[in-house]
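Q: Build me a model from this:
(one chain, ligands or ions: 1)
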Amino acid sequence: MELRAVQRQYGKGSRAVHALRGIDLALPRGSFTAVMGPSGSGKSTFLQCAAGLDRPTSGSVRLGGTELTGLSENKLTVLRRTRLGFVFQAFNLLPSLTVEQNVLLPMRLAGRRPDRRRAAEVLAQVGLGDKGGRRPSELSGGQQQRVALARALVTMPEVVFADEPTGALDTTTAAEVLALLRSAVDSLGATVVMVTHDPVAAAYADRVLFLADGAIVDSLSQGDPAAIAARMSTLTSPNSAPNASPAAPWQHHGIPTRTAV
Ligand code: ADP
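A: This is a model prediction of the structure:
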């Protein structure tokens, strides 16, 4: 996946909010990328533009050979269902369906024949091979997020987008989910992009991108949680409203405001 000069502006004229100010980014196949940044820095907008849920004001988003920005809503929906996977903070499982039916949902939505052997395989990969017949309410939070991960992986998507996947989990179950994301990358060759507030979670990624005021201002590879937390703390300024400060806090640290990664 490749983003080139991606800008997203909300509103016009003096009221315009520049949520993304020119994102250049390549996500290689089989890589695990974390995205961090203060509240209002553009993380959600980035994820939505990359995943074809929102349209950039300008710039290019390519998945394999496909340019997303020109696609119709219908084609984007098909692309999301067949070529992307999603994991959310709140799991977003359907309570009336069994675990197996939840995992098979992306196949049904894509109009494919539900492949129960594939569901069993991917449930086994997340350690829930014996839970296919349960309802989500019968599982713990960590188990529910593992079902969501199985659902995200079932179609072998080209990119998995994870939005605060451990935000609702305790430390131990968060570590289990992160280890599964890591092994999806290492063993299955998945490509994962994860937005997180948690430096410990971000340290599972190959690379951490730091967003501030709509731009990638830095990246760390193979960072440890302490280094990631230290980098984050230089971006967080409780006294400055997002997009309101003419001299943003990171500009005092000699960090370029726009970094091609
Ligand atoms: P984050 O996920 O890092 O908190 P967002 O991507 O949600 O950041 O927001 C980036 C900026 O864009 C913020 O200033 C936010 O207020 C603004 N923004 C986000 N969505 C909208 C919208 N629908 N309309 C107007 N402004 C928006």
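Q: so which strand or helix has Asp218?
A: strand 215-221 (DSSP states H and E).
Q: hmm, the very next helix or strand once past that strand touching the ligand?
A: Following strand 215-221 in sequence order, the next helix or strand is helix 225-235 (DSSP H and E). No. Judged by C-beta under 6 Å from any ligand atom, helix 225-235 stays clear of the ligand, getting no closer than 10.8 Å. Quick note: C-beta positions are derived from backbone N, CA and C, even for glycine.
Q: Kindly report the same for stretch 85-101.
A: No. When contact is scored as C-beta under 6 Å from any ligand atom, no part of stretch 85-101 falls within range of the ligand; the minimum is 12.0 Å.
Q: Ok, stretch 144-162 next?
A: No. Remark: stretch 144-162 sits outside contact range of the ligand, by C-beta under 6 Å from any ligand atom, the gap being at least 13.1 Å.
Q: contacting residues for Ser14?
A: Applying C-beta atoms under 8 Å, 6 or more residues apart in numbering to Ser14 gives no contacts.
Q: so it, which of the three states?
A: helix (DSSP: H, G, I helix; E, B strand; the rest coil).
Q: List the buried residues of stretch 51-62.
A: Burial within stretch 51-62, assessed by neighbour count using 16 or more other C-beta atoms under 10 Å, is assigned to Ala51, Gly52, Leu53, Arg55, Pro56, Gly59, Val61.
Q: end-to-end on that stretch?
A: 10 Å (C-alpha to C-alpha, to the nearest Å).
Q: So what's the gap between the longest helix anywhere in the chain and the chain middle?
A: As assigned by DSSP state H, the longest helix anywhere in the chain is helix 171-188. Relative to the chain's own centre, helix 171-188 is displaced by 14 Å; criterion: C-alpha atoms, centre = their mean, to the nearest Å.
Q: elements contacting it?
A: Counting contacts by 3 or more C-beta pairs under 8 Å, 6 or more residues apart in numbering; DSSP states H and E, helix 171-188 is packed against strand 32-36, helix 116-125, helix 141-153, strand 159-163, strand 192-195, helix 199-202.
Q: list the buried ones in that helix?
A: With burial defined by 16+ other C-beta under 10 Å, the residues of helix 171-188 counted as buried are Thr173, Ala174, Ala175, Glu176, Val177, Leu178, Leu180, Leu181, Arg182, Ala184, Val185.
Q: now do stretch 21-29
A: Neighbour-count burial for stretch 21-29 [16+ other C-beta under 10 Å]: Arg21, Gly22, Ile23, Asp24, Leu25, Leu27.
Q: contacting residues around the first one?
A: For Arg21, the contact set (C-beta under 8 Å, 6+ apart) comprises Gln7, Asp213, Gly214, Ala215, Arg258.
Q: and the angle from the host helix or strand of it to strand 32-36?
A: Using DSSP H and E, Arg21 sits in strand 17-26. With axes from the mean of the first three to the mean of the last three C-alpha atoms, to 10 degrees defining the directions, strand 17-26 sits at 160 degrees from strand 32-36.
Q: Strand 17-26 to strand 215-221, inter-axis angle?
A: With the same axes, to 10 degrees as the criterion, the two stretches strand 17-26 and strand 215-221 enclose an angle of 40 degrees.
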